[in-house]
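# mind looking at a prediction? Sequence and model below.
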Amino acid sequence: MNPPCADLPKLDHLGRADFLNVYEPSDDTYLFVDTLHAESDFINAKKPSVCAEIGGGSGCLTATLANVLASPAAFFITDINPS
């Protein structure tokens with residue numbers, strides 16, 4: 001498998017114990033991050049003002065989208081962890 005093209009947001013503030021409760025970025029996260037960067041012109045052309053993510057896990061995708069957007073937007077993220 002090829003390495004991801006785009007960098008993930010920094011997760012240095014998270015420790016090993018945090019990943020027991022938070023979805024650790026995996027191949028699907030890297031693919032989505034690369035796609036957000038590749039489609040940034042299309043996304044920005046839509047001029048989104050509100051963005052929602054259900055099942056946000058570590059928040060990498062929302063953080064990436066926030067960095068990709070050229071204009072400010074409100075972000076709403078939710079995730080359920082039964083533990």
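Ah, there it is.

# all contacts plus neighbour counts: C-alpha atoms, from now on.
Noted.

# all strands of this protein, in order?
Here the chain has its strands, by DSSP state E, at 50-54, 74-78.

# dump those strands into a markdown table; add distance to H13, mean pLDDT and mean neighbour count as well.
Supplementary listing: the strands of the chain in a markdown table, determined by distance: least, C-alpha to C-alpha, whole Å; pLDDT from 0 to 100; neighbours: other C-alpha atoms under 10 Å:
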| stretch | distance to H13 | mean pLDDT | mean neighbour count |
| --- | --- | --- | --- |
| strand 50-54 | 21 | 95 | 12 |
| strand 74-78 | 19 | 95 | 12 |
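
# which of the ones you listed sits closest to N21?
N21 lies closest to strand 74-78 among those, at 13.7 Å (C-alpha to C-alpha).

# who's in contact with the spatially most central residue of the chain?
For the chain, the residue nearest the mean C-alpha position is L61 (0.8 Å; C-alpha atoms, centre = their mean). Residues in contact with L61 (C-alpha atoms under 8 Å, 6 or more residues apart in numbering) are 29, 32-33.

# looking at the closest residue to K47 other than its chain neighbours now. What's its pLDDT?
Nearest residue to K47 in three dimensions, chain neighbours excluded: S71, at 7.3 Å (C-alpha to C-alpha, 6 or more residues apart in numbering). Here, the pLDDT recorded for S71 equals 94.
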